[in-house]
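A.B. asks: Got a predicted model here, sequence first, then my questions.
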Amino acid sequence: MGASHSREGLELSDESDYEDDGGSTRTESEEQYEDAADDQASTRTPPVSNKTLDELDSKLKSLKLKYGSPETPMNLRNAVKLYLHVGGNTPKAKWIISQKLTYYEFVKTLKIGGDDEDDYELSSGGDEGFWVLKVGKKIKVRVSTDMQLKMFGDQRRVDFVDNGVWALKFFVDDEYRNFITKFQDCLFENVYGMDATEANKVKIYGKEFIGWLKPEESDDAMWEDADSGVWKGSGKSPMTPVRDSQDLLEEFEEAATGGGIQSLALGALDNSFLVNDSGVQVVKNFSHGIHGKGVYVKFDEKDKWSGGSTPKKALLMRGETNMMLMSPFKEGKPRSTGLHQLDIETGKVVTEWKFEKDGTDITMKDITNDTKGSQLDPSESTFLGLDDNRLCQWDMRDKKGIVQTLANTSSPVLNWTQGHQFSRGTNFQCFATTGDGSIVVGSLDGKIRLYSKTSMRQAKTAFPGLGSPITHVDVTYDGKWILGTTDTYLILICTLFTDKDGKTKTGFTGRMGNKIPAPRLLKLTPVDAHIAGANNKFHGGHFSWVTESGKQERHLVAAVGKFSVIWNFQQVKDSAHRCYQNQQGLKSCYCYKIVPKDESIIESRFMHDKYAVSDSPEAPLVVATPMKVTSISMSGKMRGLRN
């Protein structure tokens with residue numbers, strides 16, 4: 001069930017096969033190349049000083065010669081060795097030498113691809129164009145998070161994706177560090193459209209977020225002090241991801257009734273629900289996962305959504321006896337003018353609600369419960385709504401407290417009880433609530449805002465983000481941790497701070513001051529990112545599910561393509577974790593488990609904590625694909641995510 005190991009994280013060795021530029025392969029017995037660190041012993045690449053390289057480079061440039069062989073570096077100051085990873089995640093996976101000596105450079109260009117693309121390279125910086133990384137004649141890739149660049153400081157090496165998985169190995173430490181600094185500066189400029197000066201970085205991040213600007217100066221004490229946890233890490237976990245299958249126990253898989261699953265609504269009580277365009281399949285919750293009950297609620301023709309669109313958002317309410325169904329697509333845009341209320345016990349849509357404010361129809365792109373566990377409240381009548389520039393609470397009762405029904409001639413109107421319509425573009429994308437009803441909102445520009453349970457008008461804290469749109473957001477029950485999902489990585493944020501009176505609070509209740517901890521990033525290795533596919537993006541990052549004060553979430557899970565990816569929460573928080581050693585910039589964690597499926601995954605979520613049995617560190621994981629639903633139980637060995 002877990003994916004097999006790749007050799008992505010292993011030391012590069014010149015004892016691997018060598019592929020020359022003509023495509024022929026020479027084995028170790030035919031031609032031997034020594035490791036980059038031992039180049040001084042090689043007669044093929046004699047040692048030279050930086051001064052000699054500079055003089056030679058100057059002479060070559062003065063001659064204005066044009067070299068056709070990629071084996072001859074045109075900029076010897078940026079000399080590197082280039083490797084290519086072949087074999088994917090199969091047992092035959094290995095690194096081969098693509099070029100034993102080449103060069104890299106960062107250039108600004110107006111385009112990549114097509115004829116005479118070199119004509120579009122710019123001779124200097126400026127506002128036009130974007131930065132690309134060129135490696136000899138083989139690689140020209142836009143500097144972005146899509147490259148999934150991974151650092152190996154102890155090996156003077158970086159791996160990245162560009163129609164394959166490549167590795168650059170540098171000859172000295174300074175060259176490696178210079179490359180990383182230049183890469184990060186080019187990435188900043190490509191994202192924000194301004195030079196990567198310290199003044200501009202402060203302008204983007206703000207003075208309060210000095211830890212985001214300079215992670216090496218960040219105070220990580222809050223990460224360690226937040227909770228000691230039952231799985232305190234040892235810092236000895238491997239740098240490469242652990243994806244072996246022995247720590248995952250049973251897997252129960254069954255076909256979904258009706259097929260075409262669009263959304264998964266997990267219940268904390270007896271049942272969970274799979275929604276497709278023709279109805280809802282009711283499944284039973286067990287300590288080892290969810291199984292079909294044989295009950296399928298089919299939508300009546302009159303209850304069909306206009307245009308035949310499918311309800312992609314399902315929200316459980318009223319002690320999980322009712323479900324709010326929303327199809328967030330109107331005129332091709334991700335928003336809806338209303339929703340359907342399904343009575344699960346009768347299997348009937350009892351109300352078609354309409355979003356309205358001050359007599360005018362409005363739209364919503366997302367809905368969620370008032371609190372992390374309010375779906376368990378039988379008397380619940382309110383829920384939250386989100387649109388590009390709106391954050392509000394809706395009430396299913398009229399102003400006199402009388403529940404509206406389908407007896408009305410037209411769709412009943414939800415009552416806007418509180419909220420705010422922002423005048424400027426906040427570009428809200430997604431939101432979630434804590435156990436006490438505090439709200440976290442993710443935006444298109446990457447910002448993450450925290451609102452207290454008493455006010456939706458002004459955020460208590462606004463995290464600047466890293467430039468990538470936040471497509472999904474989750475928060476722990478206690479509000480101490482936030483998980484934001486972007487296309488290429490997850491961002492984990494600690495909201496804790498110490499106020500002027502020495503009290504520890506969260507950013508939902510007060511201004512966090514100027515000692516805000518730097519976030520941590522959760523990423524795929526370049527090999528796994530490449531296997532997942534260029535068009536497959538992270539989506540639906542979740543914490544495991546608790547609804548009781550004092551309990552701590554234990555894992556994080558997200559889907560990408562056909563992979564469910566699981567991280568150990570305590571391990572990610574551990575500053576001594578080996579993944580974080582020899583890194584520059586924000587700490588990135590690559591230790592995870594992958595659960596592969598045969599289809600693209602709709603959603604991956606952990607069941608409620610009450611379904612975690614005594615010999616398992618976590619409740620079962622439920623993975624929904626369009627045609628199947630799988631329940632995966634986990635063993636106690638999972639706790640360290642280690643071999």
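C.D. replies: Nice, I can see it. Residues are numbered from 1 along each chain as shown.
A.B. asks: host element of the closest residue to residue 99 other than its chain neighbours?
C.D. replies: Sequence neighbours aside, residue 82 is the residue nearest to residue 99 in space, at 4.4 Å (criterion: CB to CB, 6 or more residues apart in numbering). C-beta: built from backbone N, CA, C; applies to glycine. Assessed by DSSP states H and E, residue 82 sits inside strand 79-86.
A.B. asks: helix or strand right after that strand?
C.D. replies: Defined by DSSP H and E, the subsequent element after strand 79-86 is strand 94-109.
A.B. asks: Give me the mean pLDDT for that following strand.
C.D. replies: Throughout strand 94-109, pLDDT has a mean value of 94.
A.B. asks: With just CA atoms, put that strand into PDB.
C.D. replies: The C-alpha trace of strand 94-109 is given here as PDB (Å, rounded to 0.1, in the frame of the first residue of the first chain):
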ATOM      1  CA  LYS A  94      19.000   5.400  -9.800                       C
ATOM      2  CA  TRP A  95      20.900   8.500 -10.600                       C
ATOM      3  CA  ILE A  96      22.900   8.700 -13.800                       C
ATOM      4  CA  ILE A  97      25.400  11.400 -14.800                       C
ATOM      5  CA  SER A  98      24.000  13.600 -17.500                       C
ATOM      6  CA  GLN A  99      27.000  15.900 -17.800                       C
ATOM      7  CA  LYS A 100      30.100  15.500 -15.700                       C
ATOM      8  CA  LEU A 101      31.000  19.200 -16.100                       C
ATOM      9  CA  THR A 102      28.600  21.900 -17.200                       C
ATOM     10  CA  TYR A 103      27.500  25.300 -16.000                       C
ATOM     11  CA  TYR A 104      24.400  27.100 -14.700                       C
ATOM     12  CA  GLU A 105      23.200  30.700 -14.800                       C
ATOM     13  CA  PHE A 106      20.100  32.700 -13.900                       C
ATOM     14  CA  VAL A 107      18.800  34.800 -16.700                       C
ATOM     15  CA  LYS A 108      15.800  37.000 -17.300                       C
ATOM     16  CA  THR A 109      13.700  36.200 -20.300                       C
END
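A.B. asks: Residue 530 versus residue 557, what's the distance?
C.D. replies: As judged by CB to CB, to the nearest Å, residue 557 and residue 530 stand 21 Å apart.
A.B. asks: How about residue 577?
C.D. replies: 24 Å.
A.B. asks: Also residue 354?
C.D. replies: Going from residue 354 to residue 530 by CB to CB gives 46 Å.
A.B. asks: Between those two, point out the one with more neighbours.
C.D. replies: Between residue 354 and residue 530, residue 530 has the larger neighbour count (other CB atoms under 10 Å), namely 23 against 15.
A.B. asks: and that one, helix, strand or coil?
C.D. replies: What DSSP: H, G, I helix; E, B strand; the rest coil gives for residue 530 is helix.
A.B. asks: hmm, back to that, partners of the strand holding residue 82, with directions?
C.D. replies: strand 94-109 (antiparallel), strand 165-170 (antiparallel) (DSSP bridges).
A.B. asks: Return the most buried member of these.
C.D. replies: Highest mean neighbour count among the strands paired with strand 79-86 (mean count of other CB atoms under 10 Å): strand 165-170, with a mean of 23.
A.B. asks: any residues touching it, and which ones?
C.D. replies: 8, 12, 36, 80-85, 95, 98, 104, 135, 139, 155-160, 176, 179, 526-527, 530 (CB atoms under 8 Å, 6 or more residues apart in numbering).
A.B. asks: Distance to residue 599 for the strands paired with strand 79-86 - can I get that in TSV?
C.D. replies: Shown next, in TSV, are these (distance: least, CB to CB, whole Å):
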stretch	distance to residue 599
strand 94-109	29
strand 165-170	24
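A.B. asks: Give the other helices and strands that the particular helix or strand that has residue 182 in it contacts.
C.D. replies: Using DSSP H and E, the element containing residue 182 is helix 173-192. Where contact means 3 or more CB pairs under 8 Å, 6 or more residues apart in numbering; DSSP states H and E, helix 173-192 is packed against strand 94-109, strand 130-135, strand 157-161, strand 165-170, helix 198-205.
A.B. asks: In stretch 586-604, which residues are buried?
C.D. replies: 586-597, 601-604 (16 or more other CB atoms under 10 Å).
A.B. asks: meant to ask about stretch 200-213
C.D. replies: 201, 204, 205, 206, 208, 209, 210, 211, 212, 213.
A.B. asks: what about dumping the CA coordinates of it to CSV?
C.D. replies: Once non-C-alpha atoms are left out, stretch 200-213 reads as follows in CSV (Å, rounded to 0.1, in the frame of the first residue of the first chain):
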residue,chain,number,x,y,z
ASN,A,200,11.2,45.1,-0.4
LYS,A,201,11.0,42.0,1.7
VAL,A,202,10.0,44.0,4.7
LYS,A,203,7.4,45.7,2.5
ILE,A,204,5.9,42.4,1.6
TYR,A,205,6.2,40.5,4.9
GLY,A,206,6.0,43.4,7.4
LYS,A,207,8.4,44.1,10.3
GLU,A,208,6.5,41.8,12.6
PHE,A,209,7.3,38.8,10.4
ILE,A,210,11.1,39.0,10.5
GLY,A,211,11.2,35.2,11.1
TRP,A,212,9.5,34.7,7.7
LEU,A,213,12.0,37.1,6.1
